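J.: fold the following for me, if possible:
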Amino acid sequence: MNALHLAADGEPDAEKAFYVADLSAVYKQHERWKKLLPEIEPFYAVKCNPDPYVLRLLAALGTGFDCASNGEINTVLALGVAPERIIFANPCKATSFIRSAAKARVDMMTFDNTDELHKIARTHPGAKLVVRILTDDSKALCRLGLKFGAPLDTVPALLAKARELNLDVIGVSFHVGSGSTDPFAFADAVERARAVFDMGKAAGYEFTLLDVGGGFEDASFEATAGVLADAINRFFPVRDGIRIIAEPGRYYVSKAFSLATNIIARRAPPGHALEQADAADVDPEQPSVMYYINDGVYGAFNCILFDHQTPQPTVLSLNGSFHVPASVPLRAASVWGPTCDSLDCVCAVTQLPGTLQVGDWLGWENMGAYSACAASMFNGFEVSRVVYTTGACGKGAAEVREALRAFQAQAA
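T.: Alright, predicted model coming up:
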């Protein structure tokens, strides 16, 4: 990370925290998706990370986009993406947003209540509607079923109302929760979707879309893909005319972004007491030193509060050197953000070298999902900038550049 050396050069604001985004990691995830779930079209969840280069790359790779607001729709359309590649996947939308979607010719959108149907009938009667159903999301980091999703026993009445309003319902969507830890939640959800397809037929509709939502995790993707594919084969053995899409977010970007933070202050025992302390006398659960870094829970680490994450640091530099011996003794420490709020704690207890100094750097991996997108400038601290690369993953960098060039030429 050449940018780390700026601090030693005395450049203005050289110690600012920054992300490193490896776009080839996004490309690799897309290739992995196509290999394991070739029948399912990914519609990237923009809310997860609306980074402009990530969006541009995914547009070049031909993905669709799951948008939740006018702002997200306009951002994607500005890239030259056709409106047919967008699903307005917010079941409860402002009337003005529905009207704007109609003007932009974004027709595919979700609903889970009768009030939404009345709004759509008034402002976008030509919409292609997808009924969002409630599923079991009890094993997810973020339980979206607390806010969205129609229980199955309410669906027949919803479809009857849509029919009465002369609206076109084309399919079913669900979401097992963001960051689902149970692959079998997808099997249960697909079974529920099958029941709703049958309800649609009884209401006079012939559904042509199954949206399996998000909740895909990088570490468990192979297991999830296997369970999901088996469930689709079991409950939809004949799929003539049925399009299947999904709304992955963190799967694409989580490990593509890392964060580098600078230690701007520390509180430690006076003199060399910390360095001279016998390891046997140190409580591993009682921090003996507090490190303060230049990003926190109001910035990149908002994922701790909003996304239930527990990021852990790695040491990038020690006493000004980027060579960190593996044998360096560790001590219990706490890591804090830069604001004046005591809530701004990044790690209450973690293991770090007791000899870290002001000016040293800590690294944080898997910071691409629900991090920068929700960062604020509380206390006047700026949002961490992004440095882009396509080389860290080696293979894939050339493909990324070629995809971007082709997409830019097409958009022009």
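J.: show me the shaky parts of the stretch 301-412 of the chain.
T.: 390-412 (pLDDT under 70).
J.: quick one, strands of the stretch 251-400 of the chain?
T.: 257-267, 289-293, 313-315, 330-336, 345-353, 361-364, 385-389 (DSSP state E, counting those that start in this stretch).
J.: columns distance to Pro151 and mean neighbour count on top of these, output as TSV?
T.: Bear in mind the C-beta positions are built from the backbone N, C-alpha and C, glycine included. Below are those laid out as TSV (distance: least, CB to CB, whole Å; neighbours: other CB atoms under 10 Å):
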stretch	distance to Pro151	mean neighbour count
strand 257-267	37	21
strand 289-293	45	22
strand 313-315	43	17
strand 330-336	43	20
strand 345-353	39	18
strand 361-364	40	23
strand 385-389	41	14
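J.: closest to Leu61 out of those?
T.: strand 385-389 (16.4 Å; CB to CB).
J.: does anything pack onto the closest one? Which helices or strands?
T.: When contacts are defined as 3 or more CB pairs under 8 Å, 6 or more residues apart in numbering; DSSP states H and E, strand 385-389 packs onto strand 18-22, helix 23-36.
J.: angle of the first one against helix 23-36?
T.: It stands for strand 18-22. With axes from the mean of the first three to the mean of the last three CA atoms, to 10 degrees defining the directions, strand 18-22 sits at 40 degrees from helix 23-36.
J.: state the mean pLDDT of strand 18-22.
T.: The pLDDT scores in strand 18-22 average 92.
J.: next, the buried residues of that strand.
T.: Judged by neighbour count (16 or more other CB atoms under 10 Å), strand 18-22 contains these buried residues: 18-22.
J.: C-alpha coordinates for it, CSV please?
T.: Provided in CSV are the C-alpha atoms of strand 18-22 (Å, rounded to 0.1, in the frame of the first residue of the first chain):
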residue,chain,number,x,y,z
PHE,A,18,-8.8,4.8,3.2
TYR,A,19,-10.3,1.8,1.5
VAL,A,20,-8.6,-0.4,-1.0
ALA,A,21,-11.1,-1.8,-3.5
ASP,A,22,-10.0,-4.7,-5.6
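J.: need the buried residues of strand 18-22 in TSV (columns: distance to Leu159).
T.: As requested, those are arranged in TSV below (distance: CB to CB, whole Å):
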residue	distance to Leu159
Phe18	50
Tyr19	45
Val20	48
Ala21	43
Asp22	45
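J.: surely Arg99 is in a helix?
T.: Yes - per DSSP: H, G, I helix; E, B strand; the rest coil, Arg99 lies within a helix segment.
J.: hmm, it is touching Pro125, no?
T.: No - using CB atoms under 8 Å, Arg99 makes no contact with Pro125, being 11.5 Å away.
J.: more crowded one of these two?
T.: Applying other CB atoms under 10 Å to Arg99 and Pro125 shows that Arg99 carries more neighbours, namely 16 against 12.
J.: for the more buried one, which non-adjacent residue is closest in space?
T.: Nearest residue to Arg99 in three dimensions, chain neighbours excluded: Thr123, at 4.5 Å (CB to CB, 6 or more residues apart in numbering).
J.: kindly format the C-alpha coordinates of the longest helix seen in the chain as CSV.
T.: When the chain is parsed with DSSP state H, its longest helix is helix 184-202. What follows is helix 184-202 as a C-alpha-only set of coordinates in CSV (Å, rounded to 0.1, in the frame of the first residue of the first chain):
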residue,chain,number,x,y,z
PHE,A,184,-32.0,-24.3,4.2
ALA,A,185,-33.9,-21.1,4.7
PHE,A,186,-33.8,-20.8,0.9
ALA,A,187,-35.4,-24.2,0.5
ASP,A,188,-38.3,-23.3,2.8
ALA,A,189,-38.8,-20.0,1.0
VAL,A,190,-38.9,-21.6,-2.4
GLU,A,191,-41.5,-24.0,-1.2
ARG,A,192,-43.6,-21.1,0.0
ALA,A,193,-43.1,-19.4,-3.3
ARG,A,194,-44.4,-22.5,-5.1
ALA,A,195,-47.6,-22.2,-3.0
VAL,A,196,-48.0,-18.6,-4.1
PHE,A,197,-47.5,-19.5,-7.7
ASP,A,198,-50.5,-21.8,-7.3
MET,A,199,-52.4,-19.0,-5.6
GLY,A,200,-51.6,-16.8,-8.5
LYS,A,201,-53.0,-19.4,-10.9
ALA,A,202,-56.2,-19.6,-8.9
